[in-house]
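Q: Just need the structure, nothing else, for what follows:
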Amino acid sequence: MMKISAFILLFFSGVGFLHAQDSTQQIVPGRVNRPNQMGKPYVILISADGFRYDLADKYHAKNLLQLRKQGVNADYMQSSFPSLTFPNHYTIVTGLYPAHHGLVDNSFYDPAKQASYSIGNKSAVQDSSWYGGTPLWVLAEKHGMLSACFYWVGSEAAIQGVRPTYYYNFNERIPMNSRIRIVRDWLSLPEEKRPHLITFYIPDVDHQEHLHGVDSRETEMAVQYVDESIGKLVRTVDSLQLPVDFIFLSDHGMLNIDTLNYIGIPPVLDTNQFRIVNSLSLVHLYAYNQEDILSTEIALKSQASDYDVYLADELPAIWHYSKADDVYNRIGDILLVSRPPKVFNFKKHHLNLGEHGFDPSLTEMHACFYAWGPDFKKHYQIPGFENIHVFPLIARILKLPYSDPIDGRLRVLKGTLR
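A: Numbering: from 1, shown residues only. All right, here's what the predicted structure looks like:
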């Protein structure tokens, strides 16, 4: 197993995070838990990027299979559209659909800002003005409850002027055993300094699926690495004898794409008329001149093959991604959505074998959700649900009230609690 771990760590990449390798723990000084927060439970929210709903069974992840059996196991968790990493991680911690919280894609353009956001742009990632909604750690800190983020989308920015008390900028240097030890150290702090909400992100499965496909030996090894890591984390935390609830989930699924027959630039698209942002599974077209939108949309629809063409106000209502939903006006004027296994490849780059970002209702895009701990029912199976409902569940466990409107509803997952 040590060989497997070492092999996987060689590929620890984090779905394209291109940030500088800052491995220093960041601590906001002077904070303590308010007295009314210190007797509450602890929640560790774990995301294994790209851990499709069926991977634990497919690759016999023994620790996860046992842990979910002891608690709550969902048939699947449905991602929000688009089923991409940054939009969905931020949806999970805000309870808002991507068009409502502002991260509408891994990369997109904001006409009002006249600026672009990209997961590889460190200055944008750390700029709080890109992030709407109230992430769970901001909610906790505002109520005088300490939080800690071992990576999560948005945790590197001072959203609403608030950062987690303890956090790390994403980096590839910290090995898993060290990360687990740091979580133990956080939970071993004096009660007034101990975080009650901890986020924990693991990118390895997503990376191996991208490079080698869902059915590869490399993906199987990544699943085993995650499973081994969760086993170690749980044993370490359990030894502290604290009331800790674990939630293990993922942001999206994955499918194998057609790497040979990709979708190039449509011949009828005048690239001088639009700013083009391509996320492989979808393309945003931002018009320089609004008069070009309708004629281009008609021309694209007349020749579209292996993809669908939508005006911003005509997207399927079930995606919550139309012009009416677009709070920050960041969705393209025209959206092209590929039909898997085809993807867009306008620049004719080398394509990886696995991809996501497609319609979240597709089975292959489904994520996983397992939860266990003193506040969860045991041996409890639930049907699939949307990831917007995780936020109110965690807020209920930590008894954190919220007043800002969200899309999630507590009633969907309330029945998982004792």
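Q: In contact with the most centrally placed residue in the chain: list those residues for me.
A: The residue lying closest to the centre of the chain (Cα atoms, centre = their mean) is residue 89, at 2.3 Å. By Cβ atoms under 8 Å, 6 or more residues apart in numbering, the contact list for residue 89 reads 47, 152, 153, 154, 201, 251. Every C-beta, even on glycine, is put in place using the N, C-alpha and C of the backbone.
Q: let's see 7 Å
A: Residues near residue 89 by Cβ atoms under 7 Å, 6 or more residues apart in numbering: 47, 152, 153, 251.
Q: any idea which element residue 87 lies in?
A: In the assignment (DSSP states H and E), residue 87 maps to helix 85-94.
Q: got it, and residue 226?
A: helix 217-238.
Q: Domain boundaries for the protein, per the record?
A: The record's domain parsing of the chain by automatic domain parsing lists 2-257+360-416, 274-352.
Q: Residue 315: what secondary structure?
A: Of the three states, residue 315 takes coil under DSSP: H, G, I helix; E, B strand; the rest coil.
Q: now it: how far from residue 321?
A: 5 Å (Cβ to Cβ, to the nearest Å).
Q: More neighbours: these two, which one.
A: Using other Cβ atoms under 10 Å as the criterion, residue 315 and residue 321 rank with residue 321 on top: 26 against 22.
Q: can you pull the pLDDT of residue 21?
A: pLDDT, residue 21: 75.
Q: Same check on residue 4?
A: So residue 4 comes in at 38 (pLDDT).
Q: lowest-confidence helix or strand of the chain?
A: helix 2-9 (a mean of 36; mean pLDDT, DSSP states H and E).
Q: Measure how buried residue 378 is and give me the count.
A: Neighbours of residue 378 under the rule other Cβ under 10 Å: 10.
Q: Buried ones in stretch 180-191, by neighbour count?
A: Going by neighbour count (16 or more other Cβ atoms under 10 Å), the buried part of stretch 180-191 is 180, 182, 183, 186, 187.
Q: er, stretch 103-118 I mean
A: Those buried within stretch 103-118 under the rule 16+ other Cβ under 10 Å are 103, 104, 105, 106, 107, 108, 109, 110, 117, 118.
Q: nearest to residue 259, of those?
A: residue 106 (19.5 Å; Cβ to Cβ).
Q: correct me, but residue 243 touches residue 41?
A: Yes. Counting by Cβ atoms under 7 Å, residue 41 is a contact partner of residue 243 at 4.6 Å.
Q: Out of those two, name the residue with the larger neighbour count.
A: Shown here are residue 243 and residue 41; by other Cβ under 10 Å, residue 41 has more neighbours (16 against 12).
Q: Give me the local confidence score for the more buried one.
A: 98.
Q: Doesn't residue 140 belong to a strand?
A: No. Under three-state DSSP, residue 140 falls outside any strand and is assigned helix.
Q: Help me confirm that it comes into contact with residue 149.
A: No. Residue 140 is beyond contact range of residue 149, at 10.8 Å (criterion: Cβ under 7 Å).
Q: which residues of the stretch 301-418 of the chain fall in strands?
A: 307-311, 334-338, 354-355, 369-372, 380-382, 385-386 (DSSP state E, counting those that start in this stretch).
Q: who touches residue 320 in this structure?
A: 97, 99.
Q: Check what pLDDT it gets.
A: So, for residue 320, pLDDT stands at 98.
Q: now the one 10 residues further on
A: Per-residue confidence for residue 330 comes out at a pLDDT of 98.
Q: so it makes contact with residue 113?
A: No. Here residue 330 does not reach residue 113: they are 9.1 Å apart, not a contact under Cβ under 7 Å.
Q: Show me where the stretch 101-250 of the chain has its helices.
A: 122-125, 136-142, 176-187, 204-212, 217-238 (DSSP state H, counting those that start in this stretch).
Q: Give me the below-cutoff pLDDT ranges for this structure.
A: Residue ranges of the chain with pLDDT under 70: 1-20.
Q: give me every residue that touches residue 252.
A: By Cβ under 7 Å, 6+ apart, the neighbours of residue 252 are 50, 79, 83, 84, 88, 356, 365, 367.
Q: now with 8 Å?
A: Contacts of residue 252 by Cβ under 8 Å, 6+ apart are 50, 79, 83, 84, 85, 88, 356, 357, 360, 365, 367.
Q: try residue 397
A: Applying Cβ under 8 Å, 6+ apart, the residues contacting residue 397 are 41, 43, 245, 375, 417.
Q: got it, and residue 244?
A: Residues near residue 244 by Cβ under 8 Å, 6+ apart: 41, 42, 43, 44, 187, 237, 238, 373, 374.
Q: quick one: which of those has the most company?
A: Counting by other Cβ under 10 Å, top hit in the contacts of residue 244: residue 43 with 26 neighbours.
Q: tell me the SS of it?
A: Residue 43 ends up strand, using three-state DSSP.
Q: still on that earlier bit, mind putting the contacts of residue 397 in TSV, distance to residue 271 included?
A: Converted to TSV, those look like this (distance: Cβ to Cβ, whole Å):
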residue	distance to residue 271
41	54
43	47
245	50
375	53
417	52
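Q: Quickly check the residues you listed for the two that are furthest apart.
A: Among the contacts of residue 397, 43 and 417 lie farthest apart (Cβ to Cβ), at 12.0 Å.
Q: hmm, back to that, overlap in contacts of residue 243 and residue 41?
A: Between them, residue 243 and residue 41 share the contacting residues 373, 374, 375, judged by Cβ under 8 Å, 6+ apart.
Q: How about the second one: what's its closest non-neighbour residue?
A: What it means is residue 374. residue 243 (4.9 Å; Cβ to Cβ, 6 or more residues apart in numbering).
Q: Pull the contacting residues for the one you found.
A: Contacts of residue 243 (Cβ under 8 Å, 6+ apart): 41, 42, 373, 374, 375.
Q: Look at stretch 333-347 and report the distance between its end residues.
A: 21 Å (Cα to Cα, to the nearest Å).
Q: List the contacts of that stretch.
A: In contact with stretch 333-347 (Cβ under 8 Å, 6+ apart) are residues 255-258, 261-265, 274, 276, 278, 280-287, 290, 293, 296-297, 300, 304, 306-312, 315, 351, 355, 358-359, 362, 364.
Q: returning to what we had before: save the contacts of residue 89 as JSON lines, and put in neighbour count and distance to residue 232 too.
A: Formatted as JSON lines, those follow (neighbours: other Cβ atoms under 10 Å; distance: Cβ to Cβ, whole Å):
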{"residue": "47", "neighbour count": "26", "distance to residue 232": "17"}
{"residue": "152", "neighbour count": "24", "distance to residue 232": "20"}
{"residue": "153", "neighbour count": "28", "distance to residue 232": "24"}
{"residue": "251", "neighbour count": "29", "distance to residue 232": "22"}
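Q: Thanks a lot, catch you later.
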